[in-house]
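Peer 1: sharing a model that was predicted from the sequence below.
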Amino acid sequence: MNLIGKIATATVAIVAVLAVTGQAYDRMGPEARRREVRDKVGSVPERILKLQSIEKVQPPSIDGAIAIALKAAKEAARPLIDRTFHKGKHLIVPDDFKTIQSAIDAAQSGDIVVVKPGTYFELIVMKDGVKLISDSTKGGEEPVAVEGARMKLPRRTLRTIIDGSKSKTSRNGIIDFDAGLSRSTIVDGFTLQNLPKQDHHIPGHAHGLNVRGASPVIMNCYVRNNGSTGIGNHVVYTDQDSPISKRDFRWANVKHRAEGVIYNNIIRGNLGLGIGCNHFSAPYILGNEVFVNDDSELGDKPSPGMGAKHGAAPTTIGNIVHDNPGGGILCGVGKPQGTHGVDRPTHPTVMKNVLYQNGRLRPAVSSGGGGSKEMPVRFVGNFVYDTDYLGIGLQKGAVGIIEENIVLGTEGPGIAVNGSTALKLNRNKVKGAKGPGFVITDGAKVVEMVGNAADSNSGPRFLLRPGSTIAGPDE
């Protein structure tokens, strides 16, 4: 081919490339123009918009997110659970002792109470250093399906049942823990069910498991169909026996903390929250599945799957929270109590949890108040799918951090900062919201906002209401 022929061939190739490039530009052009128009409607300053992402949001499937969550929970639990301490005697129920409680009473710290399959109609009180475990022989460690759940539990859990149905309503749960006991106290592998009905909104109520001023490990349990909150966490105060109106609820008056480990349990169908954290409790809530817990029959709005108030600071990692009519993981301030009230904010850490289909009444993840600059609420790396309300929010003066969350398919905005302060609002992704991706409203303040993506939503990517502010990187 001569030089002219080569030039002609190259020209044809260049024209073809330009044509393809032009077609790609035409396809992207309208989308970019629509984004520009919506960004103007959203009123977010251009200098802030430039710090955000225009990527297409590609969330993992729910199954993929659950795998990530459970792996994170397992890693968090590993250093918290001592699997080598209990080297004492084995006390067998019912071979050596007819009841579980009589075996616990006879045990010393470091002993193991082994319970053979069966149904035991008892209310239990644990003491420090004792491990209570279901019998693992005859295939007891084999993971088996639990109706309606995505997680599995050991077979021994489902065949070893502690039932509270023959007890009277009282302050006692199916399992109580002596105040002051440590994480060397373990409950492992039981179905805990049928505590009598009561109103958990009234002070003095029991929970399925009462963790009051104690820090046990609770693992591999199925907590179901109890007439109160499934697992409740509270500190114990020095004046615990005083009337509530006269009690001192300040931090300095705490006598026994509540910093247990709640790992790999299924909490289902309880008349209250699945897991509740109150009065400065700070448990590690790791890798549990919490679903269809509903107390709407008590007359108020139903409680969420998990909740925290009155200065509680739970660390909540890798849980699966779904189908709770009152919302997913929520925290608030709590009503004033006692002579001085509570003097520290509620400040949970909520990381790498998976939430979906948690009702129309409350958000999937939210803080109504709580947090401070020194102790912010932290919502990091969570996966929210198919919620009929807001995905993630800070409300009512909360101070928090919202980072690296993925929110897919909300009936309202994906993420909202409403009358609150977001110290960091970074690298979150929202897709398919029936509203704006992000809303900053009602005098809210965002201190840092970088790398957020909003894709295929019904409103602007970011909506900044008058009176609210977003600081730039140098402000």
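Peer 2: Sure, I can see it.

Peer 1: which residues are in contact with residue 92?
Peer 2: 103, 114, 116 (CB atoms under 8 Å, 6 or more residues apart in numbering). All C-beta spots, glycine's among them, are computed from the backbone N, C-alpha and C.

Peer 1: what about it, which SS state?
Peer 2: Following DSSP: H, G, I helix; E, B strand; the rest coil, the label given to residue 92 is strand.

Peer 1: if I look at it, how far off is residue 115?
Peer 2: 8 Å (CB to CB, to the nearest Å).

Peer 1: and this protein, what are its domains?
Peer 2: 43-76+363-475, 81-313 (automatic domain parsing).

Peer 1: and the helices in the stretch 101-250 of the chain?
Peer 2: 155-159 (DSSP state H, counting those that start in this stretch).

Peer 1: okay, and for it, where does confidence drop off?
Peer 2: Filtered on pLDDT under 70, the stretch 101-250 of the chain yields no residues whatsoever.

Peer 1: ok, back up a step: which among the contacts of residue 92 gets closest to residue 217?
Peer 2: Proximity of those to residue 217 (CB to CB) peaks at residue 114, which lies at 16.5 Å.

Peer 1: ok, how many other residues are close to the closest one?
Peer 2: Using other CB atoms under 10 Å, the number of residues around residue 114 comes to 19.

Peer 1: show residues contacting stretch 97-113.
Peer 2: With contact meaning CB under 8 Å, 6+ apart, stretch 97-113 is reached by 85-93, 96, 115, 120, 122, 124-133, 162, 184.

Peer 1: which of those are buried, as a PyMOL select command?
Peer 2: Filtering the contacts of stretch 97-113 down to the buried ones (16 or more other CB atoms under 10 Å) takes a single PyMOL command:
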select buried, resi 86+91+93+115+120+122+124+126+128+129+130+131+132+133+162+184
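
Peer 1: shaky segments in the stretch 351-475 of the chain?
Peer 2: Across the stretch 351-475 of the chain, the ranges flagged by pLDDT under 70 are 473-475.

Peer 1: avg pLDDT for stretch 73-92?
Peer 2: Stretch 73-92 carries an average pLDDT of 97.

Peer 1: can I have that stretch written out in CSV, keeping just the CAs?
Peer 2: The C-alpha coordinates for stretch 73-92 follow below in CSV (Å, rounded to 0.1, in the frame of the first residue of the first chain):
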residue,chain,number,x,y,z
ALA,A,73,-18.4,-10.5,63.7
LYS,A,74,-16.2,-13.6,63.9
GLU,A,75,-13.1,-11.6,63.8
ALA,A,76,-14.4,-9.2,66.5
ALA,A,77,-15.4,-12.0,68.8
ARG,A,78,-12.2,-14.0,68.6
PRO,A,79,-10.2,-11.9,71.2
LEU,A,80,-13.2,-11.5,73.5
ILE,A,81,-14.1,-15.1,74.2
ASP,A,82,-11.8,-17.2,76.4
ARG,A,83,-12.1,-20.8,75.2
THR,A,84,-9.4,-22.2,77.4
PHE,A,85,-10.3,-21.1,80.9
HIS,A,86,-12.8,-23.8,81.9
LYS,A,87,-10.7,-26.8,82.9
GLY,A,88,-12.5,-27.8,86.1
LYS,A,89,-15.2,-30.4,86.8
HIS,A,90,-18.0,-31.4,84.4
LEU,A,91,-21.4,-31.5,86.2
ILE,A,92,-23.9,-33.4,84.1
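
Peer 1: partners of the helix or strand harbouring residue 366, with directions?
Peer 2: Following DSSP states H and E, one finds residue 366 within strand 365-368. Under the criterion DSSP bridges, strand 365-368 sits next to strand 329-332 (parallel), strand 392-395 (parallel) in its sheet.

Peer 1: how far is the first one from where the chain is centred?
Peer 2: On the basis of CA atoms, centre = their mean, to the nearest Å, strand 329-332 sits 9 Å off its chain's mean C-alpha point.

Peer 1: again, but for stretch 61-76
Peer 2: Distance, centroid of stretch 61-76 to centroid of chain: 13 Å (CA atoms, centre = their mean).

Peer 1: which parts of that stretch are buried?
Peer 2: Using 16+ other CB under 10 Å as the test for burial, stretch 61-76 gives 62, 65-66, 69-70, 72-73, 76.

Peer 1: quick one: which of the residues you listed is nearest to residue 392?
Peer 2: So of the buried residues of stretch 61-76, ranked by how close each gets to residue 392 (CB to CB), first place is residue 65, at 14.5 Å.

Peer 1: check contacts around the closest residue to the closest one other than its chain neighbours.
Peer 2: Leaving aside its chain neighbours, residue 65 sits nearest to residue 383 (3.9 Å; criterion: CB to CB, 6 or more residues apart in numbering). Neighbouring residues of residue 383 by CB under 8 Å, 6+ apart: 59-60, 62, 65, 68-69, 352-355, 405-406, 408.

Peer 1: out of those, who's nearest residue 319?
Peer 2: Closest to residue 319, out of all of these and judged by CB to CB, is residue 353, at 4.7 Å.

Peer 1: how near is the closest one to residue 136?
Peer 2: 29 Å.

Peer 1: so which of the two has more stuff around it?
Peer 2: residue 353 (33 against 15).

Peer 1: identify the residues contacting the more buried one.
Peer 2: Residue 353 sits next to 69, 316-321, 328-329, 365, 382-383 when contact means CB under 8 Å, 6+ apart.

Peer 1: could I get the residues you listed as CSV with distance to residue 453 and secondary structure?
Peer 2: Listed next are these as CSV, based on distance: CB to CB, whole Å; DSSP: H, G, I helix; E, B strand; the rest coil:
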residue, distance to residue 453, secondary structure
69, 21, helix
316, 25, strand
317, 24, strand
318, 23, coil
319, 25, coil
320, 25, strand
321, 24, strand
328, 22, coil
329, 23, strand
365, 18, strand
382, 16, coil
383, 15, strand
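
Peer 1: ok, of the residues you listed, which one's closest to residue 456?
Peer 2: For those, the nearest to residue 456 is residue 383 (17.1 Å; CB to CB).

Peer 1: how much space between the closest one and residue 174?
Peer 2: From residue 383 to residue 174 the distance is 32 Å (CB to CB).
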